[in-house]
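J.: Next one to model:
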Amino acid sequence: AYVGSAVSNGTFQIAGTTAVETDVEIPKVFSLEQNYPNPFNPSTVISYSIPQNSFVNLKVYDIIGNEVAILVSQTQSAGKYDIRFDASSLSNGVYLYSIKTDNFTSTKKMMVIK
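T.: Below you'll find the predicted structure:
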C-alpha cells in the first residue's frame, strides 16, 4: 500500500524529518475535503482537519470496497493536513477515500482518468 507525506499545521514531514512553523490556527471541527483536482491523473491532494489530537486512518478503496492504499495510519496533532496521493499504479475508475478518527468518519469519491 502507498504511504503519503503530510503537511500539517505548519509541519512538513520528509523521510522522518520534521520542520515546524509557529502561529498556526487550530481547526474547530473535523472535516474531510473533496480531493483536488478531481478527476485526476496521476496524483491528487486530499485535505482534512482535526481539531484535537487523534488517531487517524485515511484509506483509499476501489468501488467494490477493496482497500487499495493506506495514506495515514497514526496519531496526529490537531491541525490541517494535505496528503498527495499518487494513483499511477491504479486503473481508470471511481475510488472512495475514507477518514476515521476517534470522533469522526467521512467518505468521499474521486475519479482516476488516464
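J.: Residue 78: what's it in contact with?
T.: 9, 26, 27, 50, 51, 52, 53, 54 (Cβ atoms under 8 Å, 6 or more residues apart in numbering). For glycine as for every other residue, the C-beta is placed from the backbone atoms N, C-alpha and C.
J.: what's the answer for residue 93, then?
T.: Residues near residue 93 by Cβ under 8 Å, 6+ apart: 62, 63, 111, 112.
J.: With distance to residue 45 and pLDDT as extra columns, can I get those residues in a markdown table?
T.: Listed next are the contacts of residue 93 as a markdown table, based on distance: Cβ to Cβ, whole Å; pLDDT from 0 to 100:
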| residue | distance to residue 45 | pLDDT |
| --- | --- | --- |
| 62 | 20 | 97 |
| 63 | 21 | 95 |
| 111 | 15 | 97 |
| 112 | 14 | 96 |
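J.: What lies in contact with the host helix or strand of residue 108?
T.: Taking DSSP states H and E as the definition, one finds residue 108 inside strand 105-112. Contacts with strand 105-112, where a contact means Cβ under 8 Å, 6+ apart, come from 30-35, 38-42, 44, 46, 87, 90-99.
J.: how does it look with 6 Å?
T.: Residues outside strand 105-112 that contact it (Cβ atoms under 6 Å, 6 or more residues apart in numbering): 32, 34-35, 38-39, 87, 90, 92, 94-99.
J.: quick one: residue 69 and residue 58 touch, right?
T.: No: applying Cβ atoms under 6 Å as the test, residue 69 and residue 58 come out as separate, 9.1 Å apart.
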